[in-house]
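Participant: Predicted structure and sequence below. I'll ask about it afterward.
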Amino acid sequence: MRFDAGQAAWNLPTPMRAPAPARRRGWLPVAAVRPDYELIPMNGARLQTPGHERPTPAGAVCAVSYRAELRPSTWELLSHLVDPQAAVVARSRLTGGRSVDDFEAAGLEDSTWSLESATAAAAAMLGEPVRELGRGAIIEAIRDDTVGLRCEDVIIAVNGKTVETAVHLRAALAGLDSAMLTVLLGPEADQPGALSKVSLTRHSDGAWGMRVVTADRVLRHSLDARFSLPDDLRGPSLGLACALSVVDAFTGGRLAVGGTVVATGTVDMTGRVGGVGAIEFKARAVRAHPDVRRFVVPAESGADVDDARRVLGGRVEVVAVATLAEAVEVLCGFSWRGKKITRRSPDRQWASTVR
């Protein structure tokens, strides 16, 4: 199985399930990891833009993944220990404390979520209005010191005011020290699906102690961009390569002039680039391709960015970015701050208008 390495923010407080008795592999809590030397072009045939004719891209915008066996056999462990390009790491470092089955299932969902968010971020950059719809804010992870709530509970109101999305919830909680939440109980509750009132107080460090996403999220915009990806690819950090590919497709195909660009990172619908893991293994994969000129990574990944520069040794420029706009600035060569893109004919590829 290969992953694009979304970084688990917390260890989830849900218990790990024991593997099925029939499985005899993976009795040690470790994973065998190695680079995936196949780059995944995102702005070519894998991207369809119905109703929009685009020129052939000047160069490839690629995603990069790593391969991991989460239940390695003894032979796989030994082979990875002696291979200088591979490694054996704690399984929880990749899964964030989840069971292997839960992690792999979440990886597929994370990939879908990431592509939707990244496409919406690209649409917003291209001047298309984006609207998020949902049925409340579902709790994705929760701190041990947060009481009264569980993972997969759905918050649908704060102090009697309905919230439809995670953004609405954050806005409703802003400036409050305590709140009365209306919660649709999740599958771990005694009465799943029932409504409950929960009093929640902000922690001393200023946090509410939960991570939420929009339940049954739908993103509405007029840009039609669809990706066809390998079935065995999992994880959220395809987002940055996806968003750059969409921008490239709708602005003349010039982002990768001069050579292949590789990108990794999550992108939310506001355009913020989030950190991911396994960047060192991705850098090893990039190093195997002499035509790569830039490796665009999240600035949020911190020390992992230094690891990538060490692995690549100056052969490829490693660019750390915090936003999608910053990444596009690096690739197209002029500032996009305070501007938006206006789509024009191919001979007017980079026209922009003041916002």
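Facilitator: Perfect, thanks for sending it. Numbers count the residues shown, from 1 in each chain.
Participant: From now on I want contacts and neighbour counts done on CA atoms only, so please keep to that.
Facilitator: OK.
Participant: Is there a neighbour count for the closest residue to Cys151 other than its chain neighbours? I'd like the number.
Facilitator: Nearest residue to Cys151 in three dimensions, chain neighbours excluded: Ile139, at 5.1 Å (Cα to Cα, 6 or more residues apart in numbering). By other Cα atoms under 10 Å, the residues close to Ile139 number 21.
Participant: residues contacting Ile139?
Facilitator: Going by Cα atoms under 8 Å, 6 or more residues apart in numbering, Ile139 touches Arg150, Cys151, Glu152, Asp153, Val154, Ile155, Met210, Arg211, Val212, Val213.
Participant: So Cys332 sits against Arg254, correct?
Facilitator: Yes: the criterion here is Cα atoms under 8 Å, and Cys332 meets it with Arg254 at 7.4 Å.
Participant: Have a look at those two and say which one is more surrounded.
Facilitator: Shown here are Cys332 and Arg254; by other Cα under 10 Å, Arg254 has more neighbours (21 against 15).
Participant: State the distance from that one to Ile155.
Facilitator: 43 Å (Cα to Cα, to the nearest Å).
Participant: And the residue nearest to Cys151, its phi and psi?
Facilitator: Backbone torsions for Ile139, taken as degrees, to the nearest 10, come to phi -80, psi 120.
Participant: if I look at it, how far off is Gly206?
Facilitator: For Ile139, the distance to Gly206 - Cα to Cα - is 18 Å.
Participant: Extract the residue ranges of the protein that are flagged as low pLDDT.
Facilitator: Applying pLDDT under 70 to the chain flags the ranges 1-26, 107-108, 234, 333-355.
Participant: need the longest helix for it.
Facilitator: helix 100-125 (DSSP state H).
Participant: Could you identify the helix or strand that succeeds it?
Facilitator: For helix 100-125, the following helix or strand on the C-terminal side (DSSP states H and E) is strand 131-133.
Participant: For that following strand, which strands pair with it and how are they oriented?
Facilitator: As defined by DSSP bridges, the strand partners of strand 131-133 come to strand 218-220 (antiparallel).
Participant: can you pull the contacts of Ser301?
Facilitator: Contacts of Ser301 (Cα under 8 Å, 6+ apart): Gly274, Gly275, Val276, Gly277.
Participant: How many residues are close by Asp205?
Facilitator: With other Cα under 10 Å as criterion, Asp205 counts 7.
Participant: if I look at it, how far off is Pro298?
Facilitator: Counting by Cα to Cα, the gap from Asp205 to Pro298 is 26 Å.
Participant: Just among the contacts of Ile139, which is most surrounded?
Facilitator: Neighbour max across these (other Cα under 10 Å) = Ile155, 30 neighbours.
Participant: ok, the closest residue to it other than its chain neighbours - how many residues close by?
Facilitator: In this structure, Ile155 finds its nearest non-sequential neighbour in Val183, 4.5 Å apart by Cα to Cα, 6+ apart. For Val183, the tally of surrounding residues (other Cα under 10 Å) stands at 22.
Participant: Let me know the next secondary structure element after the host helix or strand of Val183.
Facilitator: Using DSSP H and E, Val183 sits in strand 178-184. Per DSSP H and E, strand 178-184 leads on to strand 195-201 as the next helix or strand towards the C-terminus.
Participant: buried stuff in that next one?
Facilitator: Leu195, Lys197, Val198, Leu200, Thr201 (16 or more other Cα atoms under 10 Å).
Participant: Listing partners with orientation, what would you give for that strand?
Facilitator: Strands adjacent to strand 195-201 in the sheet, as given by DSSP bridges, are strand 178-184 (antiparallel).
Participant: out of the contacts of Ile139, who's nearest Phe281?
Facilitator: Arg211 (27.6 Å; Cα to Cα).
Participant: The closest one - nearest residue in space that isn't next to it in sequence?
Facilitator: Spatial nearest neighbour of Arg211, excluding adjacent residues (Cα to Cα, 6+ apart): Ala141 at 5.1 Å.
Participant: number of nearby residues for the one you found?
Facilitator: 21.
Participant: Direction included, what does the helix or strand it falls within pair against?
Facilitator: Element membership for Ala141, per DSSP H and E: strand 137-142. Strand pairing for strand 137-142, using DSSP bridges, gives strand 154-158 (antiparallel), strand 210-214 (antiparallel).
Participant: would CSV of those strands with distance to Arg46 be doable?
Facilitator: Rendered in CSV, the data for the strands paired with strand 137-142 read as follows (distance: least, Cα to Cα, whole Å):
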stretch, distance to Arg46
strand 154-158, 35
strand 210-214, 27
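Participant: So which of those is nearest Gly97?
Facilitator: Counting by Cα to Cα, Gly97 lies closest to strand 210-214 out of the strands paired with strand 137-142; the figure is 15.7 Å.
Participant: That closest one: how far from the chain's middle?
Facilitator: Chain-centre distance of strand 210-214: 14 Å, with Cα atoms, centre = their mean, to the nearest Å.
Participant: Mind jotting down where the strands sit in the stretch 201-350 of the chain?
Facilitator: With DSSP state E, counting those that start in this stretch as the criterion, the stretch 201-350 of the chain has strands at 210-214, 218-220, 226-227, 233-234, 260-263, 266-267, 273-274, 292-298, 317-321, 339-341.
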